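Enquirer: Structure for the following, please:
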Amino acid sequence: MDKTGPSVEDVVSQLKEYEFSTFQLGTTCFHDKDNFIRAITERFGATFAEKHPDLTIVLGPGTMEIVTRPLFVYGRYLKTSREIPQTRWPCRVCKGGGCPRCDGTGKMYQESVEEILGAPLLADTGGTGTRLHGCGREDIDARMLGSGRPFVIEVINPRCRTIDLPEITHGKADYLFLRFCEKGISRMLKSCAAFKRYRAQVTLENEVDDLHLKRVHDLCGVRIDQQTPTRVLHRRKDLKRGRAIASIVCRRRGPTELELELVVASGFYVKEFVSGDGGRSIPSLAETLDVGCTCSRLDVSAVFDPTLLDLIRETGESGSDPHEGAQRIGMTLSCGCNPETQLERMFPGDELPPVLDALSCAATADASLALTRPDDDF
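Expert: Numbers count the residues shown, from 1 in each chain. A predicted model of the protein is given here:
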């Protein structure tokens, strides 16, 4: 390459390493831009595109930069481990640089949901990195069960764009319904008001009677004011949030052990609702039972996007393909199956109708406070 910039032959040689069908070219040199575009089009059969090209080439004096459009893969993940985070977590001490605390890895945890899937994607695409965009996230020590959590994983700067998506069954995380999608789906996942179903194991300081347990069910539909939990104050603003419980059931599992099952809106802190977090979550399970409570185990058993209800109504009336209905309302199904089948995977059997009642109200009313009370046997 000389001071005037790379030649056509230089550019064509470099582009042999990339798979692309559309491209864009910019130059700060004295080049015949049309000559470059014509050569690339003839050599690779690609089309020049003004917007959203697969590959962008920038030519400068003695330089050439090639940037490819990210690939986006949509699916649901199950996390069966209580020891891995959703995304790569840089070491708090060295900020990712490597130190004795992290054994030189630069990470707080050696594996994550993102990295388990990202490794084979990077190997197949030749990408330089990944970013995982989830429909919310669970705590490290909480499992993600049921039909999984919707997510989009972004592959940065891929060289190869046509790959077979991997089928991964890992000891700590599984990945369902993987398929390619557009960038807008990740924004939809970040912004949608998804409802979640949780199952919590609660340990009591002292035994409580049945009368106290019955009071727990009266919390259904009650506004829960939650100040940002003390455990995350170091990384989140200290704000007060109001959320309501769409469904709640409390079962005795031992003299000082309870099982709590509840459906709540995004942003609800279950652990703090159980303990009260020193008065930062009001009312709480501990306040209602008048005894100290600790959430000893927590599982997310379903993640439900209320906009699926609109899709079900629309496709049910028109009889059209579910994916066509999804495009009309600006979303994509979280799995490649009929929407009713997806709901059945999330809420089996007779549990589905009361949950639909609660979520239907939440999807059509303002905020998450105008909720109906489902049947007690949910």
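Enquirer: what pairs with the spatially most central residue of the chain across the strands?
Expert: Most central in the chain under C-alpha atoms, centre = their mean is G134, positioned 1.3 Å from the mean C-alpha point. Partner residues in beta bridges with G134, using DSSP bridges, are F151.
Enquirer: for V58, same thing?
Expert: Beta-bridge partners for V58, by DSSP bridges, are G26, E65.
Enquirer: What is the neighbour count of it?
Expert: The number of residues packed near V58 is 14, by other C-beta atoms under 10 Å. The C-beta positions use only the backbone N, C-alpha and C, and glycine is treated the same way.
Enquirer: Also R92?
Expert: Other residues close to R92 by other C-beta under 10 Å number 12.
Enquirer: and what of N206?
Expert: The criterion is other C-beta under 10 Å. On that basis, N206 has 10 neighbouring residues.
Enquirer: From L117, how far off is it?
Expert: 44 Å (C-beta to C-beta, to the nearest Å).
Enquirer: Okay, domains of this structure per the record?
Expert: 8-68, 71-191, 195-303 (automatic domain parsing).
Enquirer: could I get those domains as a markdown table with mean pLDDT?
Expert: What follows is these, written out as a markdown table (pLDDT from 0 to 100):
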| stretch | mean pLDDT |
| --- | --- |
| domain 8-68 | 89 |
| domain 71-191 | 90 |
| domain 195-303 | 92 |
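Enquirer: Do a quick rundown of the strands in the stretch 51-200 of the chain.
Expert: Applying DSSP state E, counting those that start in this stretch to the stretch 51-200 of the chain gives strands spanning 55-60, 63-68, 71-79, 129-134, 143-156, 173-181, 195-204.
Enquirer: who wins for proximity to T22 among the ones you listed?
Expert: T22 lies closest to strand 55-60 among these, at 7.4 Å (C-beta to C-beta).
Enquirer: List of residues touching the closest one?
Expert: Residues outside strand 55-60 that contact it (C-beta atoms under 8 Å, 6 or more residues apart in numbering): 5-6, 11, 15, 18, 20, 22-29, 31, 36, 40, 46, 64-69.
Enquirer: between that strand and strand 63-68, how big is the angle?
Expert: Angle between the axes of strand 55-60 and strand 63-68 is 170 degrees (criterion: axes from the mean of the first three to the mean of the last three C-alpha atoms, to 10 degrees).
Enquirer: got the CA coordinates for strand 55-60 in PDB?
Expert: Listed in PDB are the C-alpha atoms of strand 55-60, where the atom choice follows Å, rounded to 0.1, in the frame of the first residue of the first chain:
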ATOM      1  CA  LEU A  55     -19.400  -5.100   5.200                       C
ATOM      2  CA  THR A  56     -18.000  -1.500   5.200                       C
ATOM      3  CA  ILE A  57     -14.600  -0.700   3.700                       C
ATOM      4  CA  VAL A  58     -12.900   2.600   4.600                       C
ATOM      5  CA  LEU A  59      -9.800   3.500   2.600                       C
ATOM      6  CA  GLY A  60      -7.200   6.000   3.800                       C
END
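Enquirer: roughly how far apart are D10 and K16?
Expert: Per C-beta to C-beta, D10 is found 11 Å from K16.
Enquirer: Looking at the two, which one has more neighbours?
Expert: Counted by other C-beta under 10 Å, D10 and K16 do not tie: D10 has more neighbours, with 14 against 8.
Enquirer: Dump the strands of the stretch 51-200 of the chain to a markdown table, plus distance to V270.
Expert: Shown next, in a markdown table, are the strands of the stretch 51-200 of the chain (distance: least, C-beta to C-beta, whole Å):
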| stretch | distance to V270 |
| --- | --- |
| strand 55-60 | 44 |
| strand 63-68 | 41 |
| strand 71-79 | 16 |
| strand 129-134 | 17 |
| strand 143-156 | 13 |
| strand 173-181 | 21 |
| strand 195-204 | 5 |
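Enquirer: so which of these gets nearest G254?
Expert: Sorting those by C-beta to C-beta, the top spot, which is the nearest, belongs to strand 195-204 at 9.2 Å.
Enquirer: Which of the residues in the closest one are classified as buried?
Expert: When burial is assessed from 16 or more other C-beta atoms under 10 Å, strand 195-204 yields the following buried residues: 195-202, 204.
Enquirer: Repeat that for stretch 93-105.
Expert: Of all the residues in stretch 93-105, those buried under the rule 16+ other C-beta under 10 Å are 94, 96, 102.
Enquirer: From the chain's centroid, how far away is that stretch?
Expert: Relative to the chain's own centre, stretch 93-105 is displaced by 27 Å; criterion: C-alpha atoms, centre = their mean, to the nearest Å.
Enquirer: Can you give me the first-to-last residue distance of it?
Expert: 12 Å (C-alpha to C-alpha, to the nearest Å).
Enquirer: contacts for that stretch?
Expert: 90-92, 106-108.
Enquirer: In ChimeraX, how would I select the buried members of those residues?
Expert: What follows is the ChimeraX syntax selecting those of these that are buried according to 16+ other C-beta under 10 Å:
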select :91,106,107,108
